[in-house]
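build the 3D model from these lines:
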Amino acid sequence: MHPLRFKAEVLGHRLAALAGVRPRTRLRAPFVPPVAGRMASMLLAGDHDTLRFTIKHLHPDARPGAIEAMLDILDAGERCDRWIERLRAWYRESREFHATTACLHGLVRYAWQKRGRDEGGRVPAHCGEDCRDACIDAARLLDEALAEQPDNAGLLCLSLTVARTCGEPVAVSAERFGRLCAVAPLHVPGHHAMLENLDPRWGGSDGAQLGFARERAAAAPDGHPLCALAARAQFSRYLRQRATADGAAESFFHDPAVAADIEAGWRRSVASPAFREETWRDELNNLFAAMLYLSGHVAHARLALAALDGTCLAEPWQALARTPRETAHPGWVVDRVRGDLALVEKDAAG
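Numbering: from 1, shown residues only. Predicted structure coming up:
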């Protein structure tokens, strides 16, 4: 979520609380690496040496998230044309690996801002020269960075996003995903990126996306976040069907195969005694609390909701909002779901 939007929503929730209409479930702020603010200040000040030193000494797994959080902060403070030029200036000045990768992250975001995220396939002609130039530059910088560090898992994961940004065929994504798996076969963000690249909008299909998700989930060890991949694919299918407004989504979760993917994903991932991936715990608890409820797994849904401990993330609940109040605060959606489950339990007992 955009930082300014989140701050505005938090203010609205506080005003609602003063009026006595706050939901029981509190909205949890997305985690922002503390270093991201300092990194943004360094770039704004032109302190490129300190910025490079800071990024270099981050854990490799933490670098992509820190750079994306830095871009969130920059984007909240000035127009994208300003901050992309700052990143390009740093890259032109040093041509060093960390400047290259930071600029690459920025070019991908900049291209999407100029393009619009609802556009599928190759870059449309109406997107303009800025978008097309950003895609060309992103592809070039990706090649430069991979030439220097061909086994960098974070960079190989980003290469999948670059493929989607530039509208490359699915075969390109498949080849890049193979390179990633050769280095990090259980790379969670990389699997999520490939799953999105198999979306029908980008040249994939429901069947290809679901087949990939089921295969990779089955291959993951119990307790690993990738065990939830088929459930993620099913939720993506549900949102696509709902967007068509043809009524097909109404019965989506009645399909036994859908319900089976959801229950198996929950049992083998976040509900497994072997689960240790704390980075993904909150996201998976929220996802499965919603999906278990929608698929009629009442007892499991209550367990997943209890794991939220009175808080929620914006997604997937915002996507399930029915009223303006629920859209403004996803906590109302969770409260409604809790109430529905309590009624089901009461009916079953009576």
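
poorly predicted segments of the stretch 151-300 of the chain, please.
245-248 (pLDDT under 70).

how about the helices in it?
153-165, 170-183, 188-197, 206-219, 229-243, 256-268, 278-294, 298-307 (DSSP state H, counting those that start in this stretch).

tell me what angle the longest one forms with helix 229-243.
In other words, helix 278-294. Angle, helix 278-294 to helix 229-243, by axes from the mean of the first three to the mean of the last three CA atoms, to 10 degrees: 50 degrees.

cool, the second one as well?
Taking the same axes, to 10 degrees, helix 170-183 and helix 229-243 form an angle of 150 degrees between their directions.

related to what we said a few turns ago, so which of the helices of the stretch 151-300 of the chain comes closest to Ile67?
Proximity to Ile67, assessed across the helices of the stretch 151-300 of the chain by CB to CB, is greatest for helix 153-165 (9.3 Å). Any C-beta I mention is one placed from the backbone N, CA and C, and that applies to glycine too.

and that closest one, what does it pack onto?
helix 63-77, helix 97-115, helix 129-148, helix 170-183, helix 188-197 (3 or more CB pairs under 8 Å, 6 or more residues apart in numbering; DSSP states H and E).

contacts for that helix?
60-61, 63-64, 101, 104-105, 108, 111-112, 115, 135, 138-139, 142, 145-146, 149, 172-173, 176-177, 179-180, 183-184, 187, 189-190, 193-194, 196-197, 202 (CB atoms under 8 Å, 6 or more residues apart in numbering).

still on that earlier bit, Gly46: which of the helices and strands packed on helix 153-165 is closest?
So among the helices and strands packed on helix 153-165, helix 97-115 is nearest, using CB to CB, at 12.5 Å.

report the distance from the closest one to the chain centre.
In terms of CA atoms, centre = their mean, to the nearest Å, the centre of helix 97-115 is found 17 Å from the chain centre.

packing partners for it?
By 3+ CB pairs under 8 Å, 6+ apart, helix 97-115 packs against helix 48-56, helix 63-77, helix 80-94, helix 129-148, helix 153-165.

spatially nearest residue to Gly204 (excluding sequence neighbours)?
Excluding the flanking residues, the one nearest Gly204 by CB to CB, 6 or more residues apart in numbering is Leu198, at 3.5 Å.

who's in contact with the residue most central in space within the chain?
The structure's the chain has its C-alpha centroid closest to His192; by CA atoms, centre = their mean the separation is 7.8 Å. Counting by CB under 8 Å, 6+ apart, His192 touches Arg232.

Tyr91 now?
Here Tyr91 is in contact with Ala99, Thr100, Ala102, Cys103, Leu141 (criterion: CB under 8 Å, 6+ apart).

swap in Gln318?
So Gln318 contacts Thr327, Pro330, Val333 (CB under 8 Å, 6+ apart).

give me the buried subset of these.
Using 16 or more other CB atoms under 10 Å as the burial test, the contacts of Gln318 include Pro330, Val333 as buried.

going by distance to Ala290, which of the contacts of Gln318 wins?
For the contacts of Gln318, the residue nearest Ala290 by CB to CB is Val333; the value is 8.3 Å.

just to revisit the earlier point, phi and psi next, for the residue nearest to Gly204.
phi -90, psi 0 (degrees, to the nearest 10).

ok so, going back, dump the helices and strands packed on helix 153-165 to a markdown table, plus distance to Arg88.
As requested, these are exported to a markdown table (distance: least, CB to CB, whole Å):
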| stretch | distance to Arg88 |
| --- | --- |
| helix 63-77 | 13 |
| helix 97-115 | 6 |
| helix 129-148 | 8 |
| helix 170-183 | 24 |
| helix 188-197 | 24 |
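
right, and those - which one's nearest Lys56?
helix 97-115 (5.7 Å).

residues contacting the residue nearest to Gly204?
Counted by CB under 8 Å, 6+ apart, Leu198 has contacts Val170, Ser173, Gly204, Ser205, Ala208, Gln209, Phe212.

from Ala213, how far off is it?
Separation of Leu198 from Ala213 (CB to CB, to the nearest Å): 8 Å.

make a ChimeraX selection of the buried ones in the contacts of helix 153-165.
Applying 16+ other CB under 10 Å to these leaves a buried subset, and the ChimeraX line that selects it is:
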select :63,64,101,104,105,108,111,112,115,135,138,139,142,145,146,172,173,176,177,179,180,184,187,189,190,193,194,196,197,202
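
now Asp75. Nearest residue, chain neighbours left out?
Nearest in space to Asp75, with sequence neighbours left out and distances taken as CB to CB, 6+ apart, is Trp83 at 6.7 Å.

got a list of what Asp137 touches?
Asp137 neighbours (CB under 8 Å, 6+ apart): Leu107.

gap between it and Ala163?
Separation of Asp137 from Ala163 (CB to CB): 15 Å.

just Lys56 next, same as before
26 Å.

okay, these two: which has more neighbours?
Ala163 (25 against 11; other CB atoms under 10 Å).

which ones are touching the residue nearest to Asn197 when sequence neighbours are not counted?
Of all residues not flanking Asn197 in the chain, Ser173 sits nearest, at 4.2 Å (CB to CB, 6+ apart). By CB under 8 Å, 6+ apart, the contact set of Ser173 is Leu160, Ala163, Arg164, Met194, Asn197, Leu198, Trp202.

and of these, the nearest to Ala249?
Of these, the one sitting nearest to Ala249 (CB to CB) turns out to be Leu198, at 19.8 Å.

no further queries at this time; thank you.
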